[in-house]
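Asks: Could you look at this predicted model? Sequence included:
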Amino acid sequence: MLIKLTGGKVYDPANKVSGELRDIYVEDGKILAGVPDARPDQTYDIRGKVVMAGAIDPHTHIGGGKMTIARMLLPEDHQGDPVARTELTRAGCGHAVPSTHLTGYRYAEMGYTACFEPAMLPANARQAHMEMGDTPMVDKGAFAMLGSDDFFLRQLSEKKDFEAIKDYVAWTMHAAQAIAVKVVNPGGISAFKFNQRKLDLDEEHAYYGVTPRQIILNLARALKELGVTHPLHIHGCNLGVPGNMETTLDTIRAADGLPIHLTHIQFHSYGTEGDRKFSSGAPQIVELLNKTPNISIDVGQVLFGQTCTASGDSMRQYAIGKSAHPKKPVTMDIECDAGCGVVPMRYRDKSFVNALQWTIGLETFLLFEDPWRLFLTTDHPNGAPFYTYPHLIRLLMDKSFRDEMFQKLNADAQSQSILPSLKREYTLDEIAILTRAGPARSLGLKDRGHLGAGAAGDITVYKDNKDREAMFATPELVFKNGELIVKNGKVVKVVQGATHVARPDYDRSIERPLKDYFERFHTVSLENFKLADDEIVTGDKGSIVVQPTAARMA
Amino acid sequence: MRGEEAELDSALERAADLLDRARFPVFGGLLTDIGGAAAALSLAEKLGGVIDHAASAGLMRASKVMRETGGTPASFGEIRNRADTVVVIGKAPLARDPDLVEKLFPAKPGLPRPGDNKRELILLGADKAKTPKHVSATAVDSRASLPELVALLAASLREGRFDLRDTALRAKIDAAAARLRKSAFAVFVYDPAEIEEPVMHTVLEMVRHLVLTTRAAILSMAAPGNGDGVNLCSTWTCGLPIRTSFAGDVPQHDAWAYDTDRLLKSAEADALVWIDALAGDTAARPKGAAAIVLSANPTRAAKDDIVIEVASAAADHDAALFLPPLSGIGMVKAGKADKGKPTVAAVLTRIAELIDERRAA
Ligand SMILES: [Zn+2]
């Protein structure tokens, strides 16, 4: 079936198309090059409407053990936002941590067609993929968490051959069915098990003697040499600690030309100025980042309201447990690999700290020059649930709206912030880069995030509305692989997205030491640890897209 | 084979008729894998029924405590490798798994762990009759009740003042508390089906006190019959744990109201789907209400039940289950795959299709 979307204003920055009137043709799920004399089976007249590729969230916690712990922990979150079953859609509930089906529907209803879970513990990959399998509508993928696992820490401390480290990283990506690798509080989750309560960039792990700097450099180099497109995804040291901007600046310098991605950088951009010893480090950090083209970031914007933080960073989650709201934090140690912490949180505009977090995130967005290296996230649900994205987009695109919101903040936070002096307003082109083209390029999704020939027919059509929050909250039409799935912000067809993975080459002899390690210390066998393709593709559900990797470098 | 297939088809048709007519069906037992649980959730939602599990009592207690106060769990492998003090509370953990101590104290050394204490087991309210020789163990047992023992240990841990006439017990309690204070990673093991909520709160308080300066955690024994797996699947799928009803407009969880036994005794539920199809486990079908029994253990049915013989998860087919040693969901390969019998998931999915056909007609 050939469909034609005619007369829309197309924003497709990957193909350098900026608001031009273009017709788009889709056949068999793929976008075609222009077909002037085609006879479409179906035509959508979208004159005056804004057209973009389906949006991609490169960092959103949608699956895996910690999210279901959060779901169990928060009956108030769940019973407060229940959704009935319809002929088409499943029942569910939850606001900050919605059930899986709702997550899929709500993302699609907001014009998103792909979501990436950034913190999958390899030991828990099976459950993470099951949850993502129960998240319809969107494509998905996951980043394997490494860096506090004993096998790797031992490789580093014993100064094993670097090729073996690369093999282990690649093996883990295969076994856990990952598209990228994330490090969370590098070495710190393991250090916490040895009762270290903080671990700075050059501080040694009490047992292994390795430092976060070494962990970051080894993993980042391994991924680069393995040819994995997305660089090491780093949740740095000292999350949330006043003064952590120095650690972040040191981490940026440490990369020394290696590609890395610094995630939810807002939580790592805190200074210690002022009476309350808490201030914005965003200007200094962004100034350095603007000169450092090898580094991309996402913001992890804080927006006000009730949410729940969930992270593999058990060390820092334990530390913030005292500010939990409601007061019921969970801290967990997990299987040789990692840990996690789940802490319910309410961000208030009248709180000095929360208000400053809000301004720090926005300062980062507005000062950062290259939209291709910046992704729009709230680190769902850590900074805010993902439904707040349209509000965030309006804050970025509308200076007067931003000023209005700023007036509501805690007065001390207002007097400290440079935000009112930042006049920048994001353009639709830039929003399309932040939410589509940039994440696709960074994750190596060749056929997503753009509207060129050969791309998947993932397309979002918006009514052009000066109120950008309203515009982005309720797209008129959303297509997934060429099928209409959302109309006027409501699901009209339920589809199942693909799971994207990357499979770099590795030397299978790494399984020999791994097998021994599993037999001695793990509770499952090496074979059982690996997730098979047919666990993701079951019956008519799911499919796997292997995204290309570059050739391995020695 | 033909005869068996015809028999299966007719049983499925009768099951679809029964469920299509049912006003308020309950899906109980749920001794099945994640695939079976997902299919049961989907069908219960379609029919406006309830999902529950045979081992709900302990699960509900544990989840209520977590919802009230959070938690500090550690996974089984983490404890086995790194805990230096393990306190087993009550008799149920060892009754549930007689090899628990051997598993938690393997003879070979584990991963590097904090501190240099020799590993030690403390049995609180249980005797150490079956402890392997290589494990250094002490038992704190007396005629005092388990809640009392836990309260005494908590008081002694905080070095609070309290009186206890039984001086022998006092000495043991104080020694255990002293050991906990000098532990690098202490872990409390309990079965939520054995101890009441206030006792669990006291244990969590001990952990919170210890983690101010060192590391400590709990291991709550997993429910039998893949109860934790079914509960997790329910929680991610509909946002609520088991004992959830889909009868109203929106899903509603109530640990008391949506208990299978209560729903059958009160005759609120008018149909029961009883699922008992997990290798090495079984649960007796409760009395009351017309029932569809999906069983790998066919003798468990009552006279008028519609019995559908199904494959046993993890014996006849590969099964994703909550595995206590992994403290998470793992895949268990079937010893000898038996393709002759349908899985729970296949049966429930087929019944759903038959109901759709009836409703469309
Ligand atoms: Zn995150």
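Replies: Nice, I can see it.
Asks: which neighbours does the helix or strand containing A:Gly341 have in its sheet, and in what orientation?
Replies: In the assignment (DSSP states H and E), A:Gly341 maps to strand A:338-347. Its sheet considered, strand A:338-347 pairs with strand A:305-311 (antiparallel), strand A:330-334 (antiparallel) by DSSP bridges.
Asks: now the shortest one: mean pLDDT?
Replies: Confidence over strand A:330-334, taken as the mean pLDDT, stands at 81.
Asks: Equivalent analysis for stretch A:27-36, please.
Replies: 89.
Asks: Low-confidence ranges, chain A, go.
Replies: Filtered on pLDDT under 70, chain A yields the residue ranges A:336.
Asks: which residue is nearest the middle of it?
Replies: A:His59 (0.4 Å; Cα atoms, centre = their mean).
Asks: Now for residue 270: which residues touch it?
Replies: No chain was given, so I picked chain A. By Cβ atoms under 8 Å, 6 or more residues apart in numbering or on different chains, A:Tyr270 lies in contact with A:240-245, A:278-281, A:360. Where C-beta positions appear, they are placed from N, C-alpha and C, glycine not excepted.
Asks: meant chain B, my bad for not saying
Replies: Counting by Cβ under 8 Å, 6+ apart, B:Asp270 touches B:22-25, B:289-290.
Asks: how near is it to B:Thr343?
Replies: For B:Asp270, the distance to B:Thr343 (Cβ to Cβ, to the nearest Å) stands at 26 Å.
Asks: all strands of the stretch 1-150 of chain A, in order?
Replies: For the stretch 1-150 of chain A, the strands defined by DSSP state E, counting those that start in this stretch occupy A:2-12, A:17-27, A:30-32, A:42-45, A:49-53, A:55-57, A:82-83, A:92-93, A:112-120, A:139-146.
Asks: Not counting sequence-adjacent ones, nearest residue to the residue of the stretch 251-361 of chain B found nearest chain A?
Replies: Residue nearest to chain A within the stretch 251-361 of chain B: B:Pro325 (3.9 Å; Cβ to the nearest Cβ). Leaving aside its chain neighbours, B:Pro325 sits nearest to A:Thr523 (3.9 Å; criterion: Cβ to Cβ, 6 or more residues apart in numbering or on different chains).
Asks: same check, this time on A:Ile46
Replies: Nearest residue to A:Ile46, sequence neighbours excluded (Cβ to Cβ, 6+ apart): A:Gly8, at 4.1 Å.
Asks: Contact partners for that neighbour?
Replies: The neighbours of A:Gly8, taking Cβ under 8 Å, 6+ apart as the test, are A:21-22, A:24, A:46-47, A:49-51, A:461.
Asks: and with 7 Å instead?
Replies: A:46, A:49-51, A:461 (Cβ atoms under 7 Å, 6 or more residues apart in numbering or on different chains).
Asks: which residues pair with it across the strands?
Replies: Using DSSP bridges, the bridge partners assigned to A:Gly8 are A:Arg22.
Asks: can you tell me how far it sits from chain B?
Replies: Separation of A:Gly8 from chain B (Cβ to the nearest Cβ, to the nearest Å): 36 Å.
Asks: before we move on, back to that, only whichever of the contacts of B:Asp270 are buried, select them in PyMOL.
Replies: A single PyMOL command selects the buried members of the contacts of B:Asp270 (16 or more other Cβ atoms under 10 Å in any protein chain shown):
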select buried, chain B and resi 22+24+25+289+290
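Asks: Show me the contacts of B:Asp270 that map onto helices.
Replies: Per DSSP state H, helices hold no members of these.
Asks: So which of the contacts of B:Asp270 are in strands?
Replies: B:25, B:290 (DSSP state E).
Asks: Could I get the contacts of B:Asp270 in JSON lines, plus columns for pLDDT and distance to chain A?
Replies: Formatted as JSON lines, these follow (pLDDT from 0 to 100; distance: Cβ to the nearest Cβ, whole Å):
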{"residue": "B:Ala22", "pLDDT": "96", "distance to chain A": "17"}
{"residue": "B:Arg23", "pLDDT": "97", "distance to chain A": "17"}
{"residue": "B:Phe24", "pLDDT": "97", "distance to chain A": "16"}
{"residue": "B:Pro25", "pLDDT": "98", "distance to chain A": "15"}
{"residue": "B:Ala289", "pLDDT": "86", "distance to chain A": "24"}
{"residue": "B:Ala290", "pLDDT": "85", "distance to chain A": "24"}
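Asks: Format the contacts of B:Asp270 as CSV; extra columns: distance to B:Pro114.
Replies: Below are the contacts of B:Asp270 laid out as CSV (distance: Cβ to Cβ, whole Å):
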residue, distance to B:Pro114
B:Ala22, 55
B:Arg23, 57
B:Phe24, 53
B:Pro25, 51
B:Ala289, 54
B:Ala290, 57
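Asks: Closest to A:Ser157 out of the contacts of B:Asp270?
Replies: Using Cβ to Cβ, B:Pro25 is the member of these that lies nearest A:Ser157, at 57.7 Å.
Asks: What are the boundaries of the strands in the stretch 201-350 of chain B?
Replies: According to DSSP E, counting those that start in this stretch, the strands that the stretch 201-350 of chain B contains are B:215-220, B:244-245, B:252-253, B:271-276, B:290-295, B:306-309, B:319-323, B:328-332.
Asks: Check the stretch 201-350 of chain A too.
Replies: Per DSSP E, counting those that start in this stretch, the stretch 201-350 of chain A carries strands over the ranges A:232-235, A:260-262, A:270-271, A:279-280, A:295-298, A:305-311, A:330-334, A:338-347.
Asks: contacting residues for the residue nearest to A:Asp464 when sequence neighbours are not counted?
Replies: Leaving aside its sequence neighbours, A:Asp464 sits nearest to A:Val50 (Cβ to Cβ, 6+ apart; 5.0 Å). A:Val50 makes contact with A:8-9, A:11, A:428, A:462, A:464, according to Cβ under 7 Å, 6+ apart.
Asks: In the stretch 51-200 of chain B, which residue sits closest to chain A?
Replies: Per Cβ to the nearest Cβ, B:Gly70 is where the stretch 51-200 of chain B lies closest to chain A, at 3.6 Å.
Asks: who in the stretch 251-400 of chain A is up against chain B?
Replies: Residues of the stretch 251-400 of chain A lying near chain B by Cβ under 7 Å from any Cβ of the partner chain: A:328-336.
Asks: Can I get those in TSV including neighbour count?
Replies: Shown next, in TSV, are these (neighbours: other Cβ atoms under 10 Å in any protein chain shown):
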residue	neighbour count
A:Lys328	19
A:Pro329	24
A:Val330	26
A:Thr331	25
A:Met332	23
A:Asp333	28
A:Ile334	25
A:Glu335	27
A:Cys336	25
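Asks: sorry, back to before: kindly indicate the member of the contacts of A:Tyr270 with the most neighbours.
Replies: Of all the contacts of A:Tyr270, A:Ile360 has the most neighbours under the rule other Cβ atoms under 10 Å in any protein chain shown, reaching 30 neighbours.
Asks: tell me which element it is part of?
Replies: Judged by DSSP H and E, A:Ile360 forms part of helix A:352-367.
Asks: Can you name the next helix or strand after that helix?
Replies: Next along from helix A:352-367, by DSSP H and E: strand A:374-375.
Asks: Show me what that following strand is packed up against.
Replies: Here strand A:374-375 touches helix A:438-443, going by 3 or more Cβ pairs under 7 Å, 6 or more residues apart in numbering or on different chains; DSSP states H and E.
Asks: same for the helix it packs on, what does it pack against?
Replies: So helix A:438-443, by 3+ Cβ pairs under 7 Å, 6+ apart, packs with strand A:374-375.
Asks: would you put the C-alpha positions of the helix or strand that comes right after the strand it packs on in PDB?
Replies: Downstream of strand A:374-375, the first helix or strand assigned by DSSP H and E is helix A:389-397. The C-alpha coordinates for helix A:389-397 follow below in PDB (Å, rounded to 0.1, in the frame of the first residue of the first chain):
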ATOM      1  CA  TYR A 389       8.400  17.000  27.300                       C
ATOM      2  CA  PRO A 390       5.900  19.300  25.600                       C
ATOM      3  CA  HIS A 391       6.100  21.700  28.500                       C
ATOM      4  CA  LEU A 392       9.900  21.500  28.400                       C
ATOM      5  CA  ILE A 393       9.800  22.200  24.600                       C
ATOM      6  CA  ARG A 394       7.700  25.300  25.300                       C
ATOM      7  CA  LEU A 395      10.200  26.500  27.900                       C
ATOM      8  CA  LEU A 396      12.900  26.200  25.300                       C
ATOM      9  CA  MET A 397      11.000  27.800  22.400                       C
END
